[in-house]
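**Q** what would the 3D arrangement of this be:
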Amino acid sequence: QVHWACGLGTRMALWQKLLTVTKEVMESMSAWVSHVKGMALDLEDIGVTVDNEDQILTITTGLNKSYDSFIILLDSTVTMDLTFDHVVD
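**A** Numbers count the residues shown, from 1 in each chain. Model (predicted):
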């Protein structure tokens, strides 16, 4: 079992990493999604709630311009259907 520091500084640093991470050019989409999910789990492990919208925003804002049509498609998705699982499937 690994001990995680969970003070404010740690939470802030992990949030900043989550909110600013970008998909690497050679990174597959499945690896990108796993990367983001892992970062969200790191936050949840220290008691921080990361909701669907946070994960969706991270996934989409970390993509380059070649994914713009995908982002536009998501914008037309009914809000009720806009879940993390829906976005990554």
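**Q** any low-confidence regions in the chain?
**A** Applying pLDDT under 70 to the chain flags residues 1-4.
**Q** show me where it has its helices.
**A** Applying DSSP state H to the chain gives helices spanning 8-20, 29-45, 52-61, 68-75, 84-88.
**Q** and the ones you listed, which is most packed in?
**A** Most buried of the helices of the chain by mean neighbour count (mean count of other C-beta atoms under 10 Å) is helix 52-61; its value is a mean of 17. All C-beta spots, glycine's among them, are computed from the backbone N, C-alpha and C.
**Q** can I get that one in CSV, CA atoms only?
**A** Extracted in CSV, the C-alpha atoms of helix 52-61 (Å, rounded to 0.1, in the frame of the first residue of the first chain):
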residue,chain,number,x,y,z
ASN,A,52,-17.6,13.3,-15.4
GLU,A,53,-17.4,16.8,-16.7
ASP,A,54,-13.9,17.3,-15.3
GLN,A,55,-12.7,14.2,-17.0
ILE,A,56,-14.4,15.1,-20.3
LEU,A,57,-13.0,18.6,-20.2
THR,A,58,-9.5,17.2,-19.6
ILE,A,59,-9.8,14.6,-22.4
THR,A,60,-11.1,17.2,-24.9
THR,A,61,-8.9,20.2,-24.1
